[in-house]
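*Asks:* When you get a sec, could you give me coordinates for this:
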Amino acid sequence: MEELRHRLSELESARHESHHRLRALGSTVLIFVASVLALLAVVAVWANSIIRDTDRYVATVAPLASNPDIQQAVTNRVTTAVLDQIDVDALVKELSDAASERGVPPKVGTLIGKLDGPITNGIKQLVSTTVMKAVSSQAFETVWTDANRRAHAAVDKALTGSSDSVVEVKDNQVSIDVAPIVTQVKDKLVDSGLAAASKIPDVHTDFVVMQGQDVGKVKTYLRVLQIVGNWLPVIAVLVAAAGVFIAFRRRRALIGAAIGVFLAMLLLGLALTVFRSVYLDHLPAGANQGAAGAFYDALVKFLRSSIRAVGALALVTALGAFFVGPSRPAVFTRHFFSRGIASGRDVALSSGLKLGPVGGFVHRFKTWIGAAILLVAAIVLFTWNYPTMMVVIWTAVIVLIGFAIREFLDTGPTSPTTAQQ
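*Replies:* Numbers count the residues shown, from 1 in each chain. This is a model prediction of the structure:
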């Protein structure tokens, strides 16, 4: 009988060990999948916001109007477009004919005919200065912002390469039509005395802000992520919750899931930095790297903000799960703050503070109050439009303050005599 009991115990232990291993393996796989989905979810939400949220899109591109690299690139592009419409030879001939009509000696007429070079340089300098003034003015920022706001309705089509609006994605290029700037410069040139500028027709010229061999592939991936953007965050949370639920040690699994998401955000941040360098290195010859880099930085600005927010949330979750555990540092920390708050409460009570039945109520429903605090914090984060890292940090601080207040109000179980008093 003793031998049978021993063998039965071994079989039971082996069965439980095998069961625990299967649960641990399943939990690990689910947490890994959740971490990958979290990475994709952040990108998907960003892509979705750029397409569907006009204010978000305008807030992304509006700062580019005051970027020096963008201003210089726009100045060069508009200057070239304007000069292409001015016939310098015709201006020289007109000047020569006017001189002949006034009876100027032939040698002077010949000298005038050789002024095409200086006239070209003078006109180029005039046009460039006029364009730079226009691009550096508040009016340009208004034109830039309004144009992008009007164009936002076509951004969805632009990202799929089927748009003819102000914003276009074609031939692996992202470009903006700067025709309104050309018109504004034309009027200023006429006011400056260059009458020939009045003959410049309406010019629709593209200012390329981003180009490369992989733009076509990127826009396709963003389109896919935009379609699934509303579901990926929910799926990622559900998969992570399933991984924690089936784990044998759920608190450790929660810490592992939070660390997995944090590492995924760290990887995504590094990927954005690496991709920026690769993208700039593969620009075609003659491309304005400063303008391309500025556009890339503006485009991923809110994506980086989301990465920091999700990473901070994951780190806060991991720390919270750690400090509610049985480890010595966690127990010491809880006891340290609990005794400190209790000492403060005792001083307040001895000074005349009366909590009445509140202390007993808080003690009785202490767990439910803590759950309510966490639930409210979760609702705030999930309903906040585009929470930043500071939103996450301040939410965590408020949660800690809520738990401190709960601990302060917990006077322990209320005896019948105390309740009657």
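
*Asks:* Residue 142: which element?
*Replies:* helix 138-151 (DSSP states H and E).

*Asks:* averaged over its residues, what pLDDT does that helix have?
*Replies:* In this model, helix 138-151 carries a mean pLDDT of 74.

*Asks:* elements contacting it?
*Replies:* In terms of contacts (3 or more C-beta pairs under 8 Å, 6 or more residues apart in numbering; DSSP states H and E), helix 138-151 is packed against helix 54-61, strand 173-177, helix 179-191. Where C-beta positions appear, they are placed from N, C-alpha and C, glycine not excepted.

*Asks:* need the least confident one among those, by mean pLDDT.
*Replies:* Looking at those, the lowest mean pLDDT belongs to strand 173-177 (a mean of 58).

*Asks:* surely residue 246 meets residue 26?
*Replies:* Yes: between residue 246 and residue 26 a contact is recorded at 5.5 Å, counting by C-beta atoms under 8 Å.

*Asks:* ok, back up a step: tell me the buried residues in the helix holding residue 142?
*Replies:* 140, 141, 143, 144, 145, 147, 148, 149, 151 (16 or more other C-beta atoms under 10 Å).

*Asks:* now swap in stretch 392-411 and tell me
*Replies:* Taking 16+ other C-beta under 10 Å as the criterion, stretch 392-411 shows 392, 395, 396, 399, 402, 403, 406, 407, 408, 409, 410, 411 as buried.

*Asks:* average pLDDT across that stretch?
*Replies:* 92.

*Asks:* do you know how far residue 255 is from residue 244?
*Replies:* Computed with C-beta to C-beta, to the nearest Å, the distance linking residue 255 and residue 244 is 10 Å.

*Asks:* Of these two, which one has the most company?
*Replies:* Set side by side, residue 255 and residue 244 show more neighbours around residue 244, with 23 against 19, by other C-beta atoms under 10 Å.

*Asks:* Spell out which helix or strand contains the more buried one, please.
*Replies:* Going by DSSP H and E, residue 244 is in helix 232-246.

*Asks:* residues making contact with that helix?
*Replies:* 23, 26-31, 33-35, 37-38, 40-41, 44-45, 225, 250, 253-254, 257, 261 (C-beta atoms under 8 Å, 6 or more residues apart in numbering).

*Asks:* Counting only helices, which of those residues make the cut?
*Replies:* 23, 26-31, 33-35, 37-38, 40-41, 44-45, 225, 250, 253-254, 257, 261 (DSSP state H).

*Asks:* Quick one, which of the residues you listed are buried?
*Replies:* 23, 27, 30-31, 33-35, 37-38, 40-41, 44-45, 225, 253-254, 257, 261.

*Asks:* did I read that right, residue 412 in a helix?
*Replies:* No: counting by DSSP: H, G, I helix; E, B strand; the rest coil, residue 412 is not found in a helix; it is coil.

*Asks:* Give the full set of residues in contact with it.
*Replies:* Counted by C-beta under 8 Å, 6+ apart, residue 412 has contacts 359, 360, 363.

*Asks:* do the same with residue 386
*Replies:* Contacts were defined as C-beta under 8 Å, 6+ apart; by that measure residue 386 touches 49, 56, 302, 305, 306.

*Asks:* Could you tell me how far it is located from residue 374?
*Replies:* Residue 386 is 22 Å from residue 374, by C-beta to C-beta.

*Asks:* same check, this time on residue 310
*Replies:* Relative to residue 374, and taking C-beta to C-beta, residue 310 is found at 18 Å.
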